[in-house]
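Student: Give me the fold of what follows.
(chains A and B)
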Amino acid sequence: MNTALISVDKVTKVYPGGTRALDEVTLSFEEGEWTTIMGPSGSGKTTLLNIVGCLDLPTSGTVRIAGNEIGGVGQAALTRLRRENVGLIFQQYHLVPYLTALENVMLAQYYHGSLDGRKAVAALQNVGLEHRLDHRPAHLSGGEQQRVCIARALVNEPAILLADEPTGNLDQMNGNVVLHLIQRLHEEGRAIVLVTHNPDISGLGDRTIRIVDGSVTQDYYHGGDKNGG
Amino acid sequence: MFAQLLRESILRRKSRFAMGVASVLIGAAVVTALFTVSLGIGDQIGQEFTKYGADLMLQPQSNTIQIGLPGVNIGSVTEQKYINESDLWMIKTIPHRANVLGFAPFLYQVVTVNNGSDTQQVVLAGTYFNKTIQILQPASPQDPSTFTTGIADISSWWNVKGSWITNQNDTTSAMVGSNVAQKLNLTVGDSFTVSYAGAQNASTPTQNVTSATNVKQLKVIGIVETGGAEDNQIFVNLSVAQDLSSRPGKVDTVQVSALCVHCPVQDMASEIQGKIPGIQATTITQLTSAEMNTLDTYQSMMAFVTAVALLASMMGIFTTMTANVVERRREIGLMKSIGAQNRSIASLFLTEAAMTGWIGGVGGFVVGIILAQFIGLRVFSTTISMRWGVLAVAIPIAVGVSLLASALPVRRAMGVEPAIVLRGE
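Tutor: Purely as a prediction, here's the structure:
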């Protein structure tokens, strides 16, 4: 039986100015599960990912990560929960430009308090970049930068990977390389939450959640419908 | 990793880092220059003021007795009293002893001077020229056990033709006032004889013998011109005057030169009176007040200019650090998103600020020393000695100013939300 890694219960997020990005969303993300979140621009996908990834706090509702409720914790505890449980993959990679591929990966180890060069090299080998260790981002292709980003997300062995449009800035060939990598990580048992506009990608996961105007309109497993849709 | 982040942060923004350093450098240079000039010139002003004479005059308290019949006052008798030379070391043990720049005792007597052809009655003053005295019980263990002082220190402005008496055991040399020299036709190198009139009166004409202690053969080694009473006097070592008048260990007055910027000179007078019994200390108020006021005004001006310079430095650092934080906003967001705590972000920026302050402080010290020399030569027409103590002040001030000016930008960095990396801001 799957266990909820992250659960959100009646979560609402209202930004200053009154924009209601999420409206009483209730969801849970299970171990080893690949969940794809889809929806139009401005629907609240990224807001949901921010809250699930402990990057932001909800206006109301409760969020639990690995059994810990994040509502009442301070910034320091929230950061600790994030770095111990969540790996983040960004559409724009967000690599530190003046660090090499290896150093970018080690940066996550540094803030995690577990610097280990061999483990960082292994993480880059895992994404097929063992020959690019000493290259800075400017000397890497988009696909390679994204793979460094994935290696950085993996290096501290988080329980769940959160990916925001991981192929959004890549051509089809590089996009496929990245998707195959994510697929492999999923097959190895990694829980993944992936935000995308691309319906083809959603078919690769176990489950798809559709959000429109801050509300979940569809939540289904590819083996069968869960909440309708 | 921290060192690498710091190094790259600096190297990638060399010009901005250099601007920050320059901001601190300018402030530190002004601080160094003004502190150095302030201390150097402050001392010099104090020394200059001592040229104009003593700040305190010590005299023995005397008892005056009215004599006569009831209702008929026929005069008064004042008991001749002296200050004991052996008590003078206590002047350097008062609470404000650091402000005692020097002192000189005086024992006066009227002597008959004979240079062969001319004879004159002249006031002869015995004093210290450059004497090292023992402080028998220093007020603090850190205090030195000796103190070298004398008229050469407190009246260094005297115009002396020839030389000063430098040996405190010299019993044959004399410095002669210019009027005395002129009247007796004395020049440097001439010898003359002095005899103590009191001793002559005491001896009987029939004896016609003069004691060796009442007559002295002296040699002129310097002619003093001050434009004051000194021009009419002869100066010898105190022991010579004491021997001549048979008053060993006695002193009529003591002139004390005090530099009193932060203490009222009246307090020093009270402290000396408290230390040495039977002494009356009188302040020369106008002079010391002027001295204090001038130094106070000078240092207030220095403090104001220093504050303005440091404020300008702070604004420079604030601007560069703010630009740094704004430019690195996404990088900060990324660091936070992958697990950096606020303290990690703050320490990165504050270390950079501290380095900016340190480098600027050291550079500013060097520039400030040069600037101090320039100010000294152009404004005060004197060179100013370098004071390493200023370095110990300039660098902490530079680092402190840099850190203080960085406080708001660092707070802003700590406020960057990690969510911006996902929102793509």
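Student: So which elements touch the longest helix seen in chain B?
Tutor: Longest among the helix segments of chain B by residue count, using DSSP state H, is helix B:285-327. Helix B:285-327 sits against helix B:14-50, helix B:265-275, helix B:342-379, helix B:388-414, with contacts defined as 3 or more Cβ pairs under 8 Å, 6 or more residues apart in numbering or on different chains; DSSP states H and E. Any C-beta I mention is one placed from the backbone N, CA and C, and that applies to glycine too.
Student: Pick the most buried one from these.
Tutor: Counting by mean count of other Cβ atoms under 10 Å in any protein chain shown, helix B:14-50 has the highest mean neighbour count of the helices and strands packed on helix B:285-327, with a mean of 22.
Student: Near chain A, which residues of chain B are found?
Tutor: B:1-2, B:4, B:8, B:12, B:330-331, B:334-342, B:344, B:417-419, B:421-424 (Cβ under 8 Å from any Cβ of the partner chain).
Student: so where's chain A uncertain?
Tutor: Along chain A, the parts satisfying pLDDT under 70 run over A:1-3, A:224-229.
Student: for chain B, what's the longest strand?
Tutor: strand B:100-114 (DSSP state E).
Student: what is the mean pLDDT for it?
Tutor: Strand B:100-114 shows a mean pLDDT of 90.
Student: Figure out the helix or strand that the residue of the stretch 51-200 of chain B found nearest chain A lives in.
Tutor: Relative to chain A, the nearest point of the stretch 51-200 of chain B is B:Gln142 (48.2 Å; Cβ to the nearest Cβ). Per DSSP states H and E: B:Gln142 is located in neither a helix nor a strand.
Student: Now for it, how many residues are close by?
Tutor: 6 (other Cβ atoms under 10 Å in any protein chain shown).
Student: so how far is A:Glu130 from it?
Tutor: Noted for B:Gln142: a distance of 67 Å to A:Glu130, by Cβ to Cβ, to the nearest Å.
Student: Please apply the same query to B:Val31.
Tutor: In terms of Cβ to Cβ, B:Val31 sits 54 Å off from A:Glu130.
Student: What of A:Leu22?
Tutor: 41 Å.
Student: So between the two, which is more surrounded?
Tutor: Set A:Leu22 next to A:Glu130 and count neighbours by other Cβ under 10 Å: A:Leu22 wins out with 27 against 13.
Student: need the contact list for that one.
Tutor: A:Val11, A:Thr12, A:Lys13, A:Gly44, A:Thr47, A:Leu48, A:Ile51, A:Pro58, A:Gly214, A:Ser215 (Cβ atoms under 8 Å, 6 or more residues apart in numbering or on different chains).
Student: Setting aside sequence neighbours, what's the nearest residue to it?
Tutor: Nearest non-adjacent residue to A:Leu22, counting by Cβ to Cβ, 6 or more residues apart in numbering or on different chains: A:Lys13, 4.2 Å away.
Student: now the strands for the stretch 151-300 of chain B?
Tutor: B:159-162, B:173-177, B:191-196, B:215-225, B:233-237, B:250-251, B:253-258, B:279-283 (DSSP state E, counting those that start in this stretch).
Student: Least confident of the ones you listed, on average?
Tutor: Among the strands of the stretch 151-300 of chain B, strand B:279-283 scores lowest, at a mean of 84.
Student: residues in contact with whichever helix in chain A runs longest?
Tutor: Determined from DSSP H, the single longest helix within chain A is helix A:172-187. Residues outside helix A:172-187 that contact it (Cβ under 8 Å, 6+ apart) are A:32, A:34, A:127-128, A:141-143, A:146-147, A:150, A:154, A:161, A:163, A:166-167, A:170, A:192, A:194, A:201, A:204-205.
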